[in-house]
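Undergrad: here is my input; please provide its structure:
(2 chains)
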Amino acid sequence: MSDHETTTTGTSSTASASAAAAAGDAGVGGAAMAAQLKKVKKQKVLLMGKSGSGKSSMRSIIFSNYLARDTRRLGATIDIDLSHVKFLGNLTLNLWDCGGQEAFMENYLSQQRAHVFSNVGVLIYVFDIESRDVERDLATYVNIISALVQYSREAKVFVLIHKMDLIQPLKREEVFDHRVDVVRRKTAEAVAIVRKQKPEQQLQHYHQQHYHPQQFATSSPMTPGALIRDVDIDMQLFATSIWDQSLYKAWASIIHDLVPNLSVIETQLASLGVAIDADEILLFERTSFLVVSKWSGPEGERNPYGDRFERMSNILKSWKHTCSKFTGTPRNAEQFSDFEYKMGSNFSMFVTKFTTNTYILVCMPPGEARFNSARLNVAAARPWFKFLDGPAVATSSSSQAMASVGGGMGGYGSESNAGP
Amino acid sequence: MSPAVLSLQRIDEQNRQRLQKKDGAKAPDPTTAQTKGKPRLLLMGQRRSGKSSISSVVFHKLPPSETLFLESTARIQKDSLNSFMEFQVWDFPGQIDIFDNPNFTFDMDAIFGEIGALIWVIDAQDDYLEAVARLNTTILHLQRGYPHINIEVFIHKVDGLSDDYKLDIQRDVTIRIQDELSDQGVENAPVNFHLTSIYNHSIFEAFSKVIQKLIPRLGQLEAMLTNLCRTCRFEKAYLFDVNTKIYIATDSTPEDMASYEICSDYVDVIIDFTEVYGSWQRTQQWRDRLEGEPWDQPLEDQVACEWAESGMVLSDAQRPIMLREVDRFLALVAIMKEGSYDKMPQINMNVDVVVKGLTEFFEITKPKETRINAQSISSSAAGNQN
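TA: Numbering: from 1, shown residues only, chains lettered A, B, ... in the order given. The predicted structure is shown next:
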């Protein structure tokens, strides 16, 4: 036992040294970055699609911890259901769940057009794969896209081909590919329509947005290509189902682009990973269990399971449900604080509450000493990631916090040195 | 092997021989019948009652939602399962009535000779009168030729039915069968009823009960778990068959569906993690680095336990759950009392001893069913002293 302890001390002090170095690196970028860290970001997210396609269901599963089978209870959404989802403390999603009945749709496209489609960060459009009237769905989709291009050209578009569980497993890929083709074609059409029908408006819009009257006057008639490219939209398609992990994959990529300070999180996660000798680290948001960021070491990269991130989300989330059923606590409440698993001389891993808004999963090589020191180091690294939790702290105090992280780590190292 | 163990084994052997002499003329002992081949589970019932769905969900891990796409079964589907104890599952097509079929005559002995249990599936959401009538004739046939066969009636597809309605159906089916049997002069037939659905844990729990009846010396296993619960202050402990999530033994505290559910889901979580992170071969480079400075030890020596072990702390009452792999097929899962996570090292040692006992138990019962597990008793006793 004593042998183990000394090894632990050795590891943790080396780890803390590199950790302090990493904190120093972060300190160089210093004030500017810290200021950027603190901004609260609001993102308008439109959730649209035909009535009954499953918009509210997926929203409830991701953000309100519904079970897939509980979504049967949901009624039709009337008009627009606005919700503010706090994500990681400094990002707020304004989720516009737009009821999909035709009357509402027409309303969005006419009277409320500017209200609904301006300042959109992300449009999530949901297609029901089992829909009877595909042509009509696509026509609505074209209208929505044109409205979006008109008012929020920068918006990202995510198209979810939903209810894939209703297709036989073998045919899924084929059906999805076919649908992707159709949707892409229609999107191009929509963009073309906008360009053709309202060149005036288009150009004006372009003009307003860019404030380059001169450049506009000279260049735009000459290079229509610039305009076309400008109208092209950033679009991703996913096959989803509320009954499996595909939903988490789609939403993780939706979220991924919205998370502020992603690069900071990534670098810090990487230095933590190297310090504790991990194979892989995943960072989850607390309520949705969507993967916010991930880091894989050279060995972790070799993992043949490409879908492991959404799989982890799915596993942990359904585990959360089981717990809430067992303990009788509300399903949005925090359910577990700590999990560890040592698979003999194969690997070890733990999932633990990290910051107020996140959980961290660490997969690492086997070994008791290594495992214990990694746990301590992850606990010690918490203050680095405090900024994930929100906008509260001002610039100067945050750099202090950074410094005290280094101090704290050093202190911890010396403490454990003194221990035995 | 200690002399005490040897003498216990000798005494047991004598007991067994004496018993055999006494019962020699009578019907064969069910445990000796099982040793001949693998115990067999027969799934029977009306067509579309959900037999194939059950066997796919329980034994092949098919997600319940995908059973929609299963084709109807045309021939007898035989599955062999390699688990802590080898057994076979035979899935009968519902349209064949083996007792009343002019075209074929079935070899009854081949079908029912080595059977462990007959599972009769009744669709609770359908009109079940015909199913009950067929079940009655089946029971009567079996009572004549093979009276020791356990008959387990799964009143199936009860998800979505209200609790009152479920119990009404169960009562109705039970009465219909018992009336019919007593009319025919059959008393105390071994018929049991279970309410099941593939969309929740009830099907696994029902199977657990069925399988437990086929395990020789179940009481011994249960005693070991009860002892462990007492010494380590566990609330509930289960011994799981990892592949099927059937629990083959639990301690003597009252049954509790909620704790079974959380333990079984815990096994699932562990299986998933193992698959994702443990199923690929690491490089030699990785290994060399880990075994070099500053550890200078082979990886195997750096770990405390060569089998999987895991623990989880729940937030609310801080009731931890622990899991420990016993062998390739079995895992011990327990719900611990509040605040006992700090004592994990001691608990791990106790669990180690019990696991050793369990391993010996299965080693002894496997080749020769009837030898008493003297070693496991002695080692579990040692576990208590710890």
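Undergrad: what about stretch B:325-338, average pLDDT?
TA: For stretch B:325-338, mean pLDDT rounds to 89.
Undergrad: ends of it, how far apart?
TA: 23 Å (C-alpha to C-alpha, to the nearest Å).
Undergrad: and that stretch, what's buried?
TA: B:325-326, B:329-337 (16 or more other C-beta atoms under 10 Å in any protein chain shown). Bear in mind the C-beta positions are built from the backbone N, C-alpha and C, glycine included.
Undergrad: got it, and stretch A:151-167?
TA: Buried, per 16+ other C-beta under 10 Å, within stretch A:151-167: A:151-153, A:155-165, A:167.
Undergrad: as PDB, could you dump the C-alpha coordinates of it?
TA: Extracted in PDB, the C-alpha atoms of stretch A:151-167 (Å, rounded to 0.1, in the frame of the first residue of the first chain):
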ATOM      1  CA  TYR A 151     -33.800  37.700 -43.100                       C
ATOM      2  CA  SER A 152     -30.900  35.900 -41.500                       C
ATOM      3  CA  ARG A 153     -28.400  34.900 -44.100                       C
ATOM      4  CA  GLU A 154     -25.700  33.800 -41.700                       C
ATOM      5  CA  ALA A 155     -27.900  31.300 -40.000                       C
ATOM      6  CA  LYS A 156     -26.900  27.700 -40.000                       C
ATOM      7  CA  VAL A 157     -29.400  25.100 -41.100                       C
ATOM      8  CA  PHE A 158     -29.700  21.600 -39.700                       C
ATOM      9  CA  VAL A 159     -32.100  19.300 -41.400                       C
ATOM     10  CA  LEU A 160     -33.100  16.300 -39.400                       C
ATOM     11  CA  ILE A 161     -34.700  13.400 -41.200                       C
ATOM     12  CA  HIS A 162     -36.700  12.100 -38.300                       C
ATOM     13  CA  LYS A 163     -38.500   8.900 -37.200                       C
ATOM     14  CA  MET A 164     -35.900   6.800 -38.900                       C
ATOM     15  CA  ASP A 165     -36.700   4.000 -36.500                       C
ATOM     16  CA  LEU A 166     -39.800   3.300 -38.600                       C
ATOM     17  CA  ILE A 167     -37.700   2.300 -41.500                       C
END
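Undergrad: and the pLDDT for residue B:158?
TA: Reported pLDDT for residue B:158: 91.
Undergrad: mind checking the SS state of it?
TA: Counting by DSSP: H, G, I helix; E, B strand; the rest coil, the backbone at residue B:158 sits in coil.
Undergrad: pick the one among the buried residues of stretch A:151-167 closest to residue B:207.
TA: residue A:165 (25.4 Å; C-beta to C-beta).
Undergrad: quick check: domain ranges of the chain?
TA: Picking chain A for this. Residue ranges for the domains of chain A, per automatic domain parsing: A:2-37+A:261-418, A:41-256.
Undergrad: switch to chain B, that's the one I care about
TA: If you go by automatic domain parsing, chain B breaks into B:28-212, B:218-385.
Undergrad: enumerate the residues of the stretch 101-250 of chain B near chain A.
TA: residue B:199 (C-beta under 8 Å from any C-beta of the partner chain).
Undergrad: can you do 10 Å?
TA: B:159-160, B:199-201 (C-beta under 10 Å from any C-beta of the partner chain).
Undergrad: next, format the residues you listed as TSV and append neighbour count.
TA: What follows is these, written out as TSV (neighbours: other C-beta atoms under 10 Å in any protein chain shown):
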residue	neighbour count
B:159	18
B:160	12
B:199	16
B:200	15
B:201	19
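Undergrad: which ones among the buried residues of stretch A:151-167 are found in helices?
TA: Counting by DSSP state H, the members of the buried residues of stretch A:151-167 that fall within helices are residue A:151.
Undergrad: so how far is residue B:310 from the closest residue to chain B within the stretch 151-300 of chain A?
TA: Proximity of the stretch 151-300 of chain A to chain B (C-beta to the nearest C-beta) peaks at residue A:299, 4.8 Å away. Here residue A:299 is placed at a distance of 21 Å from residue B:310 (C-beta to C-beta, to the nearest Å).
Undergrad: more crowded one of those two?
TA: The neighbour comparison of residue A:299 against residue B:310 (other C-beta atoms under 10 Å in any protein chain shown) goes to residue B:310, with 25 against 22.
Undergrad: my guess is the more buried one is in a strand, correct?
TA: Yes: when three-state DSSP is applied, residue B:310 is found to be in a strand.
Undergrad: re earlier: min pLDDT across the buried residues of stretch A:151-167, which one?
TA: Minimum pLDDT across the buried residues of stretch A:151-167 falls on residue A:153, with 82.
Undergrad: tell me where the stretch 1-150 of chain B has strands.
TA: Listed in chain order, the strands of the stretch 1-150 of chain B (DSSP state E, counting those that start in this stretch) span B:40-45, B:77-81, B:87-91, B:115-123, B:150-156.
Undergrad: repeat for chain A
TA: A:41-49, A:80-87, A:91-98, A:122-128, A:156-162, A:234-239, A:280-285, A:291-296, A:336-343, A:347-353, A:358-364 (DSSP state E).
Undergrad: include distance to residue B:246 when you put those strands into TSV, please.
TA: Output for the strands of chain A, formatted as TSV (distance: least, C-beta to C-beta, whole Å):
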stretch	distance to residue B:246
strand A:41-49	42
strand A:80-87	40
strand A:91-98	42
strand A:122-128	38
strand A:156-162	35
strand A:234-239	34
strand A:280-285	31
strand A:291-296	33
strand A:336-343	22
strand A:347-353	26
strand A:358-364	29
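Undergrad: turn the ones you listed into TSV, including distance to chain B.
TA: Formatted as TSV, the strands of chain A follow (distance: least, C-beta to the nearest C-beta, whole Å):
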stretch	distance to chain B
strand A:41-49	22
strand A:80-87	20
strand A:91-98	24
strand A:122-128	17
strand A:156-162	15
strand A:234-239	16
strand A:280-285	8
strand A:291-296	11
strand A:336-343	4
strand A:347-353	5
strand A:358-364	5
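Undergrad: picking up where we left off before, of the strands of the stretch 1-150 of chain B, which is nearest residue A:306?
TA: Of all those, strand B:77-81 sits nearest to residue A:306, with 30.9 Å by C-beta to C-beta.
Undergrad: list of residues touching the closest one?
TA: The contact list for strand B:77-81, computed with C-beta atoms under 10 Å, 6 or more residues apart in numbering or on different chains, reads B:38, B:40-41, B:43, B:51-52, B:55-56, B:58-60, B:86-93, B:241, B:243-244.
Undergrad: 8 Å instead?
TA: By C-beta atoms under 8 Å, 6 or more residues apart in numbering or on different chains, the residues outside strand B:77-81 that reach it are B:38, B:52, B:55, B:59, B:86-91, B:243-244.
Undergrad: partner strands of it, with direction?
TA: As defined by DSSP bridges, the strand partners of strand B:77-81 come to strand B:87-91 (antiparallel).
Undergrad: run the chain-centre distance for the partner strand.
TA: 14 Å (C-alpha atoms, centre = their mean, to the nearest Å).
Undergrad: just to revisit the earlier point, in the buried residues of stretch B:325-338, find the pair that's most separated.
TA: So, the buried residues of stretch B:325-338 by C-beta to C-beta: farthest apart are B:329 and B:337, at 28.0 Å.
Undergrad: what is the neighbour count of residue 59?
TA: As the question left the chain open, I've gone with chain A. For residue A:59, using other C-beta under 10 Å, the count is 23.
Undergrad: hm, I was asking about chain B
TA: Neighbour number of residue B:59 under other C-beta under 10 Å is 19.
Undergrad: and it, what does it touch?
TA: With C-beta under 8 Å, 6+ apart, residue B:59 has these contacts: B:79, B:81, B:89, B:243-244.
Undergrad: residue B:347 contacts residue B:332, correct?
TA: No: the pair residue B:347 / residue B:332 is not scored as a contact, 11.4 Å apart, by C-beta atoms under 8 Å.
Undergrad: what's the farthest-apart pair in the residues of the stretch 101-250 of chain B next to chain A?
TA: B:160 and B:201 (15.5 Å).
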